[in-house]
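Asker: Compute the structure for the input listed below.
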Amino acid sequence: MMSAGWRSPGEFIQDLRARASRLAPRIVFPEAEDPRLLDAARSLARDAIVRPVVVGRGAPIPGLEYIDVRRDPRRERVARDLLKARGERGLDEELAWELAGDPLYFAADLVRHGEADGGVAGCARPTADVLRAGLWLVGTRPGVKTVSSSFYMVVGDFRGLGAEVLTFTDCAVVPEPDVEQLAEIAMAAARERRLVVGDVPVVAFLSYSTKGSAEGPSVDRVRQAVELVRQRQPDLAVDGELQADAALLEAVGRRKAPGSAVVGRANVLVFPSLEAGNIAYKLVERLAAAVAIGPIVQGLARPFNDLSRGAASDDIINIAAVTALQSEVRGD
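Answerer: Got it, this is the predicted structure:
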């Protein structure tokens, strides 16, 4: 297993891409009209990080595998799959056919059927569209009710271990998670971290309280979620409620939460709300010059990831590499 101690954030990015390239997965990209996506797809193909498949509604793109949804016979299958998923909720045949001609839904159906190992979208589409396509056509893993997200924050040395990767979850999907959702978010983040970063997850549920130093409804919710995770995954290192400094710094943690096996070691930070997580990742990205990779979607049967609409080509390449690593293990 890998561990913290990369000499720089850039070294982790290089390692991430190298590990993805050994899997040689097919990753589908449904935004052929976006020049950032095309630049990234060409780089991914040239450097053999993944095998990109671009889906669009236009002329072939030289040097890339391209699918024109207007001419591909699988559009009928996509429409049938959409009707199966949403017909009982009001989706009719006409709208299903129209959506089946949308590259986003077409791409999600390729992932559903294993004709692509994962998908990446969001350059030109809002998160809600990407999640909807993923939920309707890729679906969730067995036993999973909550789809959520993580950011992988690649930070410089702050506790004497070299550059590190911290998982921040959930920062993009579930606004006010209840106890069950918080527990599922934490377990999904731990699972994905094993695949993507390759180390052992150490999970801290964050709060404005550490071990009873304050009270409130959100503190109670965090405590209950911690106990639920412990019941369901007793081998997972998890603790809470913890303030961020106690979770991250051993000297602080030993004072505030003596006896905890997580303090000073946490690498998965579970935020009590989307508001807290989103604010935190943006602050760390800007003030600590961290590299933010994400949002990475958690809980789907196969990886189908979102992009920020402000993503640069390098961001797309990194998300594609993460998607490749998520695809390594399926059906568990």
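Asker: wait, what's in contact with Ser218?
Answerer: In this structure, Ser218 makes contact with 207-208, 272-273, judged by C-beta atoms under 8 Å, 6 or more residues apart in numbering. Yep, even glycine has a C-beta here, placed from its N, CA and C like the rest.
Asker: Tell me which two of those residues sit farthest apart.
Answerer: The span of the contacts of Ser218, defined through C-beta to C-beta, is set by Tyr208 and Ser273 at 11.4 Å.
Asker: Would you map the helices across this structure?
Answerer: Along the chain, counting by DSSP state H, helices occupy 9-21, 35-46, 75-86, 93-100, 103-112, 127-133, 179-196, 217-232, 244-248, 250-256, 274-287, 313-326.
Asker: who touches the third one?
Answerer: To tie it back to what came earlier, the one meant is helix 75-86. 69, 91, 93, 96-97, 99-101, 105-106, 109, 112-113, 136-137, 139.
Asker: now that we have the contacts of Ser218, which one has the most neighbours?
Answerer: Of all the contacts of Ser218, the highest neighbour tally under other C-beta atoms under 10 Å goes to Ser207, namely 27 neighbours.
Asker: how about the nearest residue to the residue most central in space within the chain, chain neighbours excluded?
Answerer: By C-alpha atoms, centre = their mean, the chain has its centre lying nearest to Ile296, at 1.5 Å. Once flanking residues are discounted, Ile296 sits nearest to Ser150: 4.9 Å by C-beta to C-beta, 6 or more residues apart in numbering.
Asker: got a list of what that neighbour touches?
Answerer: Contacts for Ser150 (C-beta under 8 Å, 6+ apart) come out as 167-171, 188-189, 192-193, 294-296, 298.
Asker: Would you check that Val173 makes contact with Val147?
Answerer: Yes. If you go by C-beta atoms under 8 Å, Val173 and Val147 touch, sitting 6.3 Å apart.
Asker: Which residues are in contact with each of the two?
Answerer: With C-beta under 8 Å, 6+ apart as the test, Val173 and Val147 both reach 131, 297.
Asker: thinking again about what came up before, put the buried members of the contacts of helix 75-86 into a PyMOL selection.
Answerer: PyMOL command restricting those to the buried ones, with burial defined by 16 or more other C-beta atoms under 10 Å:
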select buried, resi 69+91+96+97+99+100+105+106+109+112+136+137+139
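Asker: What does the pLDDT read for the residue lying farthest from the centre of the chain?
Answerer: Here the chain reaches farthest from its C-alpha mean at Arg255, the gap being 33.3 Å by C-alpha atoms, centre = their mean. Looking at Arg255, its pLDDT is 95.
Asker: same thing with the one 10 residues further on?
Answerer: Note for Arg265: predicted pLDDT of 95.
Asker: go on, Ser8?
Answerer: Predicted confidence (pLDDT) for Ser8: 78.
Asker: What is the burial count for it?
Answerer: 14.
Asker: Repeat that for Arg159.
Answerer: The number of residues packed near Arg159 is 14, by other C-beta under 10 Å.
Asker: distance of it from Glu250?
Answerer: With distances taken as C-beta to C-beta, to the nearest Å, Arg159 is found 7 Å from Glu250.
Asker: Touching both of the two, which residues are there?
Answerer: Gly264.
Asker: returning to that earlier point: quick one: contacts for the residue nearest to the centre of the chain?
Answerer: Contacts of Ile296 (C-beta under 8 Å, 6+ apart): 149-152, 192, 196, 305, 319, 322, 326.
Asker: What is the most widely separated pair among those?
Answerer: So for the contacts of Ile296, where distance means C-beta to C-beta, the most widely separated pair is Phe151 and Gln326, at 14.3 Å.
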